[in-house]
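Engineer: Could you look at this predicted model? Sequence included:
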Amino acid sequence: MAGTERLRDAVRTRAELLEVATQVFSEQGYSGARVDVIAERTRTTKRMIYYYFGNKQGLYLAVLEEAYRGIRRAEQDIHAADLAPVDAVRRIAELTFDHHHAHPAFIRLVSIENIHHGEHLRQVDSLRELGAPAASLLDAVLARGKADGVFRTDVDAIDVHMLISSYCVFQVANNATFGFLFGRDMTEARTRRRNRRILGDVVVAWLTALP
């Protein structure tokens, strides 16, 4: 019983460290983030962080992996096979939109990695595997839609994923500059609902515009 409780404590501690580290790395970047700040915010020690993750780089790589696992876990709740192809692809777009708005730290981490040409991302082999379910989910929906004659046949899962991701990432990554230039806060509830609907409409309209 004591061993089980220790395991639970370890899982909780690791999860808390990842949550706080995600915020610190997304705010300060890899170079600017300090492990002692993460330790202070979690009321633990640098030694404890190194026990779980080895070093600062190990912690950062774990943060990246967990960030990508988050969207993959959310996708599993869609049950796309139970929906008509048009409804399924709209649901995927809406879920991605909601997830990105709810996890701005994820978008900042992705932006930081792109600034550094994916230097750290390339060191996490599991991330390629984490990308596969997203493509597989869309592949299955597109295959059904094409077979039913409702989706165009000249697009693939990566095309759709890129369209959805680009719109969703823009909402979060560029809100400060876009908001200043055009006076529109994309985090405001009514604007979010409108933009969410626009994304679904665009994706569905594109896929159903048969060539």
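Structural biologist: Now that the structure is in, tell me what you want to look at.
Engineer: Quick one: the strands in this protein, in order.
Structural biologist: Using DSSP state E, the chain contains no strands.
Engineer: Let me see the ranges of the helices in it.
Structural biologist: 2-32, 35-41, 46-53, 56-75, 85-102, 104-115, 126-147, 157-173, 175-182, 189-208 (DSSP state H).
Engineer: tell me which strands and helices the fourth one is in contact with?
Structural biologist: Under the contact criterion of 3 or more CB pairs under 8 Å, 6 or more residues apart in numbering; DSSP states H and E, helix 56-75 touches helix 2-32, helix 35-41, helix 46-53, helix 85-102, helix 104-115, helix 126-147. (Glycine included, C-beta is placed from N, CA and C.)
Engineer: I'd like the distance from the third one to the chain centre, please.
Structural biologist: Relative to the chain's own centre, helix 46-53 is displaced by 26 Å; criterion: CA atoms, centre = their mean, to the nearest Å.
Engineer: that older thread, make CSV out of the helices of the chain and add mean pLDDT.
Structural biologist: What follows is the helices of the chain, written out as CSV (pLDDT from 0 to 100):
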stretch, mean pLDDT
helix 2-32, 83
helix 35-41, 93
helix 46-53, 92
helix 56-75, 89
helix 85-102, 95
helix 104-115, 91
helix 126-147, 82
helix 157-173, 94
helix 175-182, 93
helix 189-208, 97
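Engineer: could those be laid out in TSV, adding mean neighbour count?
Structural biologist: Output for the helices of the chain, formatted as TSV (neighbours: other CB atoms under 10 Å):
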stretch	mean neighbour count
helix 2-32	14
helix 35-41	16
helix 46-53	15
helix 56-75	18
helix 85-102	19
helix 104-115	18
helix 126-147	16
helix 157-173	17
helix 175-182	12
helix 189-208	15
